[in-house]
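[1] the following comprises the amino acid sequence and a computationally predicted model.
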Amino acid sequence: MGRFLLRRLANYMVLVIVASCLAYFLAALSLNPRANFESKNPRPPEAVITKTLQEYNLDPHTPVFERFGHWASDVVHGDLGTNVKGGSVNADFGRRVGVSLRLLLISTIIGSLLGVFTGAWGAIRQYRFSDRVVTLGSFFILAMPVFVIAISLELLAIDVNKGIGTNLFQYTGEYDPTVHGFGAQLLSRLNHLLLPTLTLVLVQVATYSRYQRNTMLDVLGSDFLRTARAKGLRRGSALMKHGLRTAVLPIVPLLVYNVVLLFTGATFTEKIFAWHGMGEWLVDSIQTNDTNSVAAVSLFTAVVVLVAGLLSDVIYAALDPRVRVS
């Protein structure tokens with residue numbers, strides 16, 4: 001098992017390096033940081049623009065391989081460079097990761113668990129009224145883009161607040177800066193977290209439940225499950241101990257990769273609810289021609305894919321003993 005994970009880690013590291021390098025070259029060749037200075041009024045002198053961009057390692061006139069060499073050398077030493085405004089990309093990165101983590105931690109845990117158990121429950125009650133309701137609800141959610149769900153929840157919150165005459169549901173930002181005191185700030189953060197979390201949970205439950213229902217249906221008619229029942233194991237115990245454990249194996253990679261990649265994939269949710277996380281940072285960086293920030297997000301995405309792959313392998317091995325002897 002250890003050698004298996006080491007081989008996977010070596011493969012993933014190579015992929016991380018290749019993906020990060022390609023992402024930097026794509027950003028460096030596609031974006032034009034000089035346009036940010038040329039559009040200012042009054043426009044700075046050309047020499048000032050060039051000197052500033054060279055200090056930030058963002059000058060398009062500098063050969064791209066030279067810029068890449070500086071960037072890669074800084075990254076090896078833990079420095080992600082300077083953004084187009086002259087600030088530290090490391091500082092932006094640390095702040096954005098924390099925001100995304102707070103937003104995604106609860107939603108991913110709830111969404112993945114509910115999705116798996118909802119799909120398994122639907123398979124056990126196949127074609128019954130509850131199964132049809134869950135199926136219809138899942139397809140209804142999947143048919144809507146994420147931003148439609150987010151905006152719908154936001155509009156619903158506005159109507160409810162107007163109806164009751166108070167701001168019961170908060171839908172903008174991470175917290176209310178006018179609130180003071182630990183308890184009050186905690187409640188404010190939880191209130192602001194409710195709607196974006198619900199948006200992500202709904203999408204995840206709808207997605208995972210469809211996959212889990214199909215895999216569970218394949219397991220329900222298996223010989224090993226009938227054998228477990230014939231040996232006297234109760235139906236619920238047999239379904240949980242043998243059925244669900246086997247049925248969840250095919251969707252383990254999907255679960256892990258989707259959960260980890262939400263760090264940069266929750267762009268619409270972050271933009272609509274004004275959560276300044278990694279997804280919003282990527283979009284804003286592209287709009288402002290911020291090459292170093294785009295490269296930092298790409299590097300982070302490659303690393304989380306590596307982490308997702310290793311987590312997927314470990315979880316798969318924990319659920320399937322056959323992998324442990326490979």
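    Arrived safely. Residues are numbered from 1 along each chain as shown.
[2] so which residue is dead centre in this protein?
    Leu262 (0.8 Å; Cα atoms, centre = their mean).
[3] as a whole number, average confidence for stretch 41-52?
    Rounded to a whole number, the mean pLDDT of stretch 41-52 is 88.
[4] contact partners of that stretch?
    Outside of stretch 41-52, the residues within contact range by Cβ atoms under 8 Å, 6 or more residues apart in numbering are Arg34, Phe37, Glu38, Asp59, His61, Gly86. All C-beta atoms are positioned from the backbone trio N, CA, C, and that covers glycine.
[5] same thing but 10 Å
    In this structure, residues lying in contact with stretch 41-52 by Cβ atoms under 10 Å, 6 or more residues apart in numbering are 33-34, 36-38, 40, 58-59, 61-62, 82, 84, 86.
[6] repeat for stretch 62-72
    Here stretch 62-72 makes contact (Cβ under 10 Å, 6+ apart) with 17, 20-21, 24-25, 28-29, 50, 53-54, 57-60, 79-81, 291-292, 295-296, 299.
[7] swap the cut-off to 8 Å and go again
    Cys21, Tyr24, Phe25, Ala28, Leu29, Gln54, Asn57, Leu58, Asp59, Gly81, Asn292, Ala295.
[8] the first one and Val294, how far apart?
    Using Cβ to Cβ, to the nearest Å, we find Cys21 at a distance of 13 Å from Val294.
[9] before we move on, what about the third one?
    For Phe25, the distance to Val294 equals 11 Å [Cβ to Cβ].
[10] out of these two, which sits in the busier spot?
    Comparing Phe25 with Val294 by other Cβ atoms under 10 Å, the one with more neighbours is Val294, at 25 against 15.
[11] what's the nearest residue to that one if we skip its chain neighbours?
    Sequence neighbours aside, Ala27 is the residue nearest to Val294 in space, at 4.2 Å (criterion: Cβ to Cβ, 6 or more residues apart in numbering).
[12] tell me if I'm right that the one you found and Thr291 touch.
    Yes. A contact is recorded between Ala27 and Thr291 when judged using Cβ atoms under 8 Å, the distance being 4.8 Å.
[13] between those two, which one's more packed in?
    Thr291 (29 against 21).
[14] what pLDDT does the model give that one?
    pLDDT for Thr291: 93.
[15] same question for the one 4 residues further on.
    Reading off the per-residue confidence, Ala295 sits at a pLDDT of 93.
[16] can you tell me the helix or strand for it?
    For Ala295, the enclosing helix or strand under DSSP states H and E is helix 291-319.
[17] what separates stretch 273-283 from the chain centre, distance-wise?
    Once both centres are worked out by Cα atoms, centre = their mean, to the nearest Å, stretch 273-283 turns out to sit 11 Å from its chain's centre.
[18] repeat that for stretch 273-293.
    The mean C-alpha position of stretch 273-293 is separated from the chain mean by 14 Å, Cα atoms, centre = their mean.
[19] same check, this time on stretch 269-276
    Between the centre of stretch 269-276 and the centre of its host chain there is 13 Å, according to Cα atoms, centre = their mean.
[20] list the buried residues in that stretch.
    Thr269, Glu270, Lys271, Ile272, Phe273, Trp275, His276 (16 or more other Cβ atoms under 10 Å).
[21] what are the boundaries of the strands in this structure?
    All residues of the chain lie outside strands when identified by DSSP state E.
[22] okay, now Gly137: neighbour count?
    For Gly137, the number of neighbouring residues by other Cβ under 10 Å comes to 15.
[23] what stretches of the stretch 1-150 of the chain score poorly on pLDDT?
    Counting by pLDDT under 70, the ranges of the stretch 1-150 of the chain that qualify are 1-2, 4.
[24] let me see the contact set for the residue lying closest to Ser298 once chain neighbours are set aside.
    Closest residue to Ser298 in three dimensions, ignoring its sequence neighbours and counting by Cβ to Cβ, 6+ apart: Ala23, at 3.3 Å. By Cβ under 8 Å, 6+ apart, the contact set of Ala23 is Val294, Ala295, Ser298, Leu299, Ala302.
[25] which one (most neighbours) among the residues you listed?
    Using other Cβ under 10 Å as the neighbour definition, the contacts of Ala23 reach their maximum at Ala295, which records 27 neighbours.
[26] distance check, it against Asn36.
    Distance, Ala295 to Asn36, using Cβ to Cβ: 17 Å.
[27] please work out how many residues are found near the closest residue to Arg213 other than its chain neighbours.
    Taking Cβ to Cβ, 6+ apart as the measure, Arg213 lies nearest to Gly119, with 4.0 Å between them; neighbours along the chain are not counted. Here the number of neighbours of Gly119 (other Cβ under 10 Å) works out to 30.
[28] just Val99 next, same as before
    Applying other Cβ under 10 Å, we find 18 other residues in the vicinity of Val99.
[29] can you pull the phi/psi pair for the closest residue to Arg95 other than its chain neighbours?
    Taking Cβ to Cβ, 6+ apart, and ignoring the residues beside it in sequence, Arg95 has His276 as its nearest neighbour in space, at 7.6 Å. Summarising the backbone geometry of His276 under the convention degrees, to the nearest 10, its torsions are phi -90, psi 70.
[30] having no further points to raise, I will conclude here.
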